[in-house]
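Mind folding the following:
(chains A and B)
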Amino acid sequence: MRTLTRLLPKLAVGLVMIWAVATFTFFLVHALPGSPGDAAYENYILSGMSPEQAQAKVSSIYGFTSHDPLLVQYRGYLWRLLHGDLGQSISYSGVPVTHVLRAAAPWTIFPALAGLVIAFLVGTSFGAVAAVKRSSRWGGLLSMSGSFFAGIPVFVLALVLAFLFHTEWNLLPYGDTSDVTLTPGFNGPYVVSVVQHAILPVATYALLGYGAWLLTMKSSVISVLGDDFILAAELRGLRPRTRMRYVSRNAILPMFTVFALSIGYLLGGSVLVENVFDYPGLGNVLFQAIGARDYPLMSGAFLLITVAIVLANIVADLLYTVIDPRVRR
Amino acid sequence: MTDTAPQAAAAGAFAAPLASIASAAGSAASAASAASATPETEVLVRDLTVCFRTDRGEELPAVAHADLTLQAGLITGLVGESGSGKSTLALTLLGAVPSPGRITSGSVQLTGIGDVTRLKGAALRQVRGGKVGYVFQASQNSLNPLKTVGKQLLDLGRAHDVEYLPGLVRRARELCELMGMDGKRVLDSYQHELSGGMRQRVGIVFALVLNARVLVLDEPTTALDMLSQAAVLKIIGQVHKEIGLTTLIVTHDMGVVSELADRLAVMYGGRIVEDGPAEQLLRRPSHPYTRALINATARVTGDISRARALPGRPPDLASIPRQGCVFRQRCAFVMDQCATEEPPLDAWGGDIDNAGGSGRRRACHATPEAVIGA
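Modelled structure (predicted):
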């Protein structure tokens, strides 16, 4: 019951946030220069069509796009949104946006989550070690590795990994989610192929988060190590193991907020990662939608990312109340 | 009279440890001779120097050649300004030195244990909390905010290999009741659910629950309001008496110790400059610094303009004079000798009515009569 009374206000706030973001992205996306027709028209001209041909082709393909005033379109968008309808994709010639997103989502969610979990586990453990051994050479090296990976831009990291592991050493496949000659399903060769194709994206997500986890955990542990109760525990003769448990549990608390925030960060990063690895996830869909001025698909993808972040924050809040007695009320 | 005399009179149980203390204290025999009046000694700090090394490789003493005796069953007050080294000295009773300091000479002998500064690992852990209880400054949060007091009590019990944990819990509850708290409620609480005064009392419970004989309280009333201060002081006095502890109170507040302490030691610039029975020392301070401290204390009754501030500021580690008396720059009784020669902490007869038995010591070139009479 108390969980419910805590949960409901958070859910309400979450819904308001989703509505706000939906509205914001709707207008923002429509404010982008160019229309889908214009973009396609330019492409046809560039590919050598005459202006008349291109015009005819554009109106035949994009004839269903709306020419209503923006506010009317917005009202229609919200109404459909309430019914779970995100509209039809323009660049996929009228396929419902939900279908496009549903097909792409697993290829982003699972690799990104796997990368996040790996980065969290490795980054926070190494961060704790880096904090405790901060005056030794190992601690220094760990901190440096954190700064290094936190400082590399995503696309550079992805490109370097792709170059080394695919082009140079040919250890891992590149592009798409599996070997296209295999039949999808729960059979051995296909699963192996999927895992192999996922390794580079997952590694990129993991390395992308690793540095930030390490550095934030390190500073969190250092600040807890300086807390009075840790000195008190030492002067009461508590075991080193018990003291370390006190430190780690207190230091991990702020990490939950970072965890929720980093989900949004990862989804944003997926645009670049999937583009480099030519991996057909949400990021790639979003990237192509922006290129084609596919408003419904863009809005849908942004909305999905928003919902994911809002949900992650609610989960983090709830977890916080479980592990921190001070916020239980 | 030397410090071998009380050993002869000491109870059999204490004879062996005291013999080992005597040999360790041999080098400081002259300084120790004054602390020989009572039969039982619980803690014997001899010639203790704690140094902090600077980036340039200098060794700066936070505590220099300190001699301090805690007599069993008495409350000793350790008084001094911030930075005088009193907390550093108190921490050495637990074999702890704040990093990056280290003990460069001397010993801290605990009766029945030996020199704690030489203990390491599990043996040191057993002393901390088990034999010497340390209570933190009231403003400090000495408990893990994520665990209930009771669960931390169990952690403490396990760390000290307590075989019967329910007994420990019962003992903790008794101590809580003794200090006017609801034991069950306190053990079920988190730190943030307790008031400042309650946290302070819980700190005392944790220090005593393993039957420590020595209780060290670091600034026990700082950051408490006046009413909580009075309550905590009353409780300290009561617990001390009922359990039969040897207590060291570290404070900058003369008012705190004047109510409680049997003996006082005054620190300045890392040195103990005067010690002796509290009443005598407060009434007739024989060191210019003690005198100035007492004169600077404003009283509730009487003329407030009688309180006189001590000019200047206390030295920090880097500005402590390397030669001569550490207090001479602020001293009203300064003379030529003070600049070159550091006055030793020598025994002094004290008041006539207590001659020989007072155990007063002072480190000053001026005569006691001159300081007291001024």
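
For the rest of this, base every contact and every neighbour count on C-alpha atoms.
OK.

mind listing the strands for the stretch 251-374 of chain B?
Under the criterion DSSP state E, counting those that start in this stretch, the stretch 251-374 of chain B carries strands at the ranges B:263-268, B:271-277, B:346-348, B:360-362.

Show me what the first one is packed against.
When you say that, I think you mean strand B:263-268. In this structure, strand B:263-268 packs against strand B:75-79, strand B:271-277, helix B:278-283, with contacts taken as 3 or more CA pairs under 8 Å, 6 or more residues apart in numbering or on different chains; DSSP states H and E.

from those, which stretch is densest packed?
The highest average neighbour count among the helices and strands packed on strand B:263-268, using mean count of other CA atoms under 10 Å in any protein chain shown, belongs to strand B:75-79 at a mean of 28.

What are the contacting residues of stretch B:310-320?
Outside stretch B:310-320, the residues that touch it by CA atoms under 8 Å, 6 or more residues apart in numbering or on different chains are B:60-62, B:81-84, B:268-269, B:292-293, B:296, B:326, B:329-330.

Tell me how chain A divides into domains.
Chain A breaks down into these domains under automatic domain parsing: A:20-82, A:101-327.

Could I get the full set of strands for the stretch 51-200 of chain B?
According to DSSP E, counting those that start in this stretch, the strands that the stretch 51-200 of chain B contains are B:59-71, B:75-79, B:101-110, B:114-115, B:132-135.

for the closest residue to residue B:256 other than its chain neighbours, what are its contacts?
Distances taken as CA to CA, 6 or more residues apart in numbering or on different chains put residue B:233 closest to residue B:256, at 7.4 Å, once the chain neighbours are dropped. Residue B:233 sits next to B:221, B:256, B:260 when contact means CA under 8 Å, 6+ apart.

Could you check the angle the strand or helix carrying residue B:233 makes with strand B:75-79?
Counting by DSSP states H and E, the element that carries residue B:233 is helix B:226-243. Angle, helix B:226-243 to strand B:75-79, by axes from the mean of the first three to the mean of the last three CA atoms, to 10 degrees: 140 degrees.

Return the distance of the helix or strand residue A:26 falls within from the chain's centre.
Here residue A:26, judged by DSSP H and E, is contained in helix A:2-31. Centroid displacement of helix A:2-31 relative to its chain, using CA atoms, centre = their mean, to the nearest Å, is 18 Å.

That helix packs against which elements?
By 3+ CA pairs under 8 Å, 6+ apart, helix A:2-31 packs against helix A:295-323.

buried set for the helix it packs on?
Under the neighbour-count criterion of 16 or more other CA atoms under 10 Å in any protein chain shown, helix A:295-323 has A:295-318, A:320, A:323 buried.

Measure how that helix sits relative to helix A:2-31, angle-wise.
Going by the same axes, to 10 degrees, helix A:295-323 makes 150 degrees with helix A:2-31.

Now for the residue lying closest to residue A:176 once chain neighbours are set aside, how many residues are close by?
What sits nearest to residue A:176 in space, not counting adjacent residues and going by CA to CA, 6+ apart, is residue A:279, at 4.9 Å. Neighbour count for residue A:279, taken as other CA atoms under 10 Å in any protein chain shown: 25.

Helix, strand, or coil at residue A:279?
With DSSP: H, G, I helix; E, B strand; the rest coil as the basis, residue A:279 sits in coil.

got the contact list for residue A:265?
Going by CA under 8 Å, 6+ apart, residue A:265 touches no other residue.

Kindly provide the distance from it to residue A:222.
25 Å (CA to CA, to the nearest Å).

Spatially nearest residue to residue 148 (excluding sequence neighbours)?
Using chain A here. Ranked by CA to CA, 6+ apart and with sequence neighbours excluded, the top spatial neighbour of residue A:148 is residue A:211, at 7.1 Å.

my question was about chain B
Leaving aside its chain neighbours, residue B:148 sits nearest to residue B:190 (4.5 Å; criterion: CA to CA, 6+ apart).
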